[in-house]
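**Q** missing the sequence, but the structure's below:
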DNA sequence: TATAAAATACCCATGAATGGGGATTTTTGA
DNA sequence: TCAAAAATCCCCATTCATGGGTATTTTATA
């Protein structure tokens, strides 16, 4: 018997999956969560064999949740179940410990197949995704972690002065980070960094 | 027999709904579409009693599709089935001719109930939504159509000068529109109009 | 027809971001 | 250990948006 938990903020989709898997003799849905926090509580209380996990969820996102599950419950396998097909999204979920990746625009037949494959100890990747190559798996983002940190604050509309105050650094340091990001990202012109920050959020 | 079509870009959700409704004797899913264009073709070929229709879809969005269906096939009832719970989204779908509105974070039981209620000639609204009041139904957006036009261009990163050239008006006219929008929207500070333009896209 | 809103346009000043350049210190990884 | 990257910080200049104000003409609607 394969026990499965589902983390997905759309209850309609959870109901649909449950309905679809209802008569599968080897699979039981043991719980579902509408946000990342609930998921962690659910897994803590009763670790399932497999977690089907969205990425964009309230409270704790799928990437963070997968990391925590991997750390505390290595026997529980996380499968990403998401609309995001970008390599970076895939990479981040894999880095977080996911052993599978399925797109929501695939049929539920794919979900069923994934569950069974992963229960055998294998990995499962939706044929529609482009798996990041192994070498690239080692590469880092073009932006440094400090830059990313500042980019988030830029996206929130903070001025350089406000960011400087918040991070206990000089305003000119913030401006330099901005300049470096603009150069690395090949942007140019007023507001383009802000636009990038906003459009790339969850765009991986 | 109630015939139902589903327009939803996530195939997994379509499969789930089909599975859920599979054994309902009075309901038949007669087709599904992964984008607004497909939906219109499907309805043209075989007008169902009810269309379950997402808002954010590729090619033709749910609002536009609902309008077209209402015009050509007034017997076919459109039900919004979406994550958007904002009044403006609801208003636009209602204006487009929808007779129902269901949130994806509700259970599929709600979908079933809605289908049956609407098939009887009534309307159905998810208890979780806040229905726009009738008076407000007449009111317009706080921004004028010209302002909205300029806001779209702001969101694309155009400078006031570029917008002026594009619309054959003076740069100072564009700046005045910017100023008026900022005032009307109660914004303040650098980049806030751009942030608004980007964050409000599909935020209704 | 009269009024209000919308569209058009301008002046001026300031703040913030961007874009050119420079530099030193600290951290990381081969 | 050493070299490169990252983090820190600065100077200067320009552009662009915002924010204060003004005004006239056109359009829409009661």
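**A** Yep, it's here. In this text the structure is predicted, and so the values were computed from the model without any measurement.

**Q** sticking with the residue in chain A that chain B sits nearest to, tell me its helix or strand.
**A** Of all residues in chain A, the one sitting closest to chain B is residue A:16 (1.4 Å; C-beta to the nearest C-beta). In this view, the C-beta of every residue, glycine as well, is placed from N, C-alpha and C. Residue A:16 belongs to helix A:11-21 when assigned by DSSP states H and E.

**Q** the nearest residue to residue A:37 once chain neighbours are set aside in helix, strand or coil?
**A** Counting by C-beta to C-beta, 6 or more residues apart in numbering or on different chains, residue A:59 is the residue found nearest to residue A:37 once chain neighbours are left out, at 4.2 Å. Secondary structure, DSSP: H, G, I helix; E, B strand; the rest coil: residue A:59 is coil.

**Q** ok, residue A:59 - contacts?
**A** Residues in contact with residue A:59 (C-beta atoms under 8 Å, 6 or more residues apart in numbering or on different chains) are A:35-38.

**Q** can you list the residues of chain A near chain B?
**A** A:9-13, A:15-17, A:19-20, A:22, A:34, A:81, A:83, A:104-109, A:111, A:157, A:159, A:189-192, A:194-195, A:198-199 (C-beta under 8 Å from any C-beta of the partner chain).

**Q** quick one on the thing from earlier: now do the same contact list for the closest residue in space to the residue of chain A closest to chain B that isn't next to it in sequence.
**A** Among residues not flanking residue A:16 along the chain, residue B:16 sits closest, at 1.4 Å (C-beta to C-beta, 6+ apart). Residue B:16 makes contact with A:12-13, A:15-17, A:19-20, A:108, B:108, according to C-beta under 8 Å, 6+ apart.

**Q** same check on residue A:164?
**A** A:170-171, A:173-174.

**Q** what is the neighbour count of residue A:173?
**A** Using other C-beta atoms under 10 Å in any protein chain shown, residue A:173 has 15 other residues around it.

**Q** what is the longest helix seen in chain A packed up against?
**A** Counting by DSSP state H, the longest helix found in chain A is helix A:171-185. Counting contacts by 3 or more C-beta pairs under 8 Å, 6 or more residues apart in numbering or on different chains; DSSP states H and E, helix A:171-185 packs against helix A:145-155, helix A:160-167, helix A:192-199.

**Q** what's the most buried one of these?
**A** helix A:192-199 (a mean of 20; mean count of other C-beta atoms under 10 Å in any protein chain shown).

**Q** what lies in contact with that one?
**A** A:151-152, A:154-155, A:157, A:178, A:181-182, A:185, A:187, B:157, B:191, B:194-195, B:198-199.

**Q** recalculate using a threshold of 6 Å.
**A** Contact with helix A:192-199 is made by A:151, A:154-155, A:182, B:157, B:191, B:198, as judged by C-beta atoms under 6 Å, 6 or more residues apart in numbering or on different chains.

**Q** ok, it near DNA strand D or not?
**A** No - using C-beta under 7 Å from any atom of the strand, helix A:192-199 never reaches DNA strand D; the gap is at least 9.6 Å.

**Q** rounded mean pLDDT for that helix, please.
**A** Averaged across helix A:192-199, pLDDT comes to 89.

**Q** same question, stretch A:90-101
**A** Average pLDDT, stretch A:90-101: 88.

**Q** give me the buried stretch members for it, please.
**A** A:90-94, A:96-101 (16 or more other C-beta atoms under 10 Å in any protein chain shown).

**Q** quick one: the one helix or strand in chain A whose mean pLDDT sits lowest to chain centroid distance?
**A** Ranked by mean pLDDT, DSSP states H and E, the weakest helix or strand in chain A is helix A:87-95, scoring a mean of 81. Averaging C-alpha positions (C-alpha atoms, centre = their mean, to the nearest Å) puts helix A:87-95 7 Å from its chain's average.

**Q** tell me if that helix is near DNA strand C.
**A** No - figure legend: helix A:87-95 not in contact with DNA strand C (C-beta under 7 Å from any atom of the strand); closest approach 14.4 Å.

**Q** against which helices or strands is that helix packed?
**A** Counting contacts by 3 or more C-beta pairs under 6 Å, 6 or more residues apart in numbering or on different chains; DSSP states H and E, helix A:87-95 is packed against no other helix or strand.

**Q** after that helix comes which helix or strand?
**A** Past helix A:87-95, the next helix or strand by DSSP H and E is strand A:100-103.

**Q** what does that next one contact?
**A** A:79-81, A:85, A:90, A:110-111, A:114, A:118, A:124-126, A:128-129.

**Q** which among those residues count as buried?
**A** A:79-81, A:85, A:90, A:110-111, A:114, A:118, A:124-126, A:129.

**Q** pick the one among those residues closest to DNA strand C.
**A** The nearest member of these to DNA strand C, counting by C-beta to the nearest atom of the strand, is residue A:90 at 21.8 Å.

**Q** distance of that closest one from residue A:129?
**A** Computed with C-beta to C-beta, to the nearest Å, the distance linking residue A:90 and residue A:129 is 6 Å.

**Q** where does chain A have low pLDDT?
**A** A:132-140, A:201-204 (pLDDT under 70).

**Q** would you mind giving the domain segments of it?
**A** What automatic domain parsing lists as the domains of chain A is A:2-136, A:145-199.

**Q** what's the most buried one of the ones you listed?
**A** domain A:2-136 (a mean of 19).

**Q** and residue A:180, how far is that from residue B:35?
**A** Look at residue A:180 and residue B:35: by C-beta to C-beta, they are 40 Å apart.

**Q** ok, residue A:63 next?
**A** Distance from residue A:63 to residue B:35, by C-beta to C-beta: 28 Å.

**Q** for residue A:166, same thing?
**A** From residue A:166 to residue B:35 the distance is 43 Å (C-beta to C-beta).

**Q** again with residue A:38
**A** Residue A:38 sits at a distance of 32 Å from residue B:35 (criterion: C-beta to C-beta).

**Q** also residue A:200?
**A** Taking C-beta to C-beta, one finds residue A:200 at 24 Å from residue B:35.

**Q** ditto for residue A:197
**A** 29 Å.

**Q** can you check residue A:124 too?
**A** 27 Å.

**Q** same question, residue A:198
**A** Look at residue A:198 and residue B:35: by C-beta to C-beta, they are 25 Å apart.
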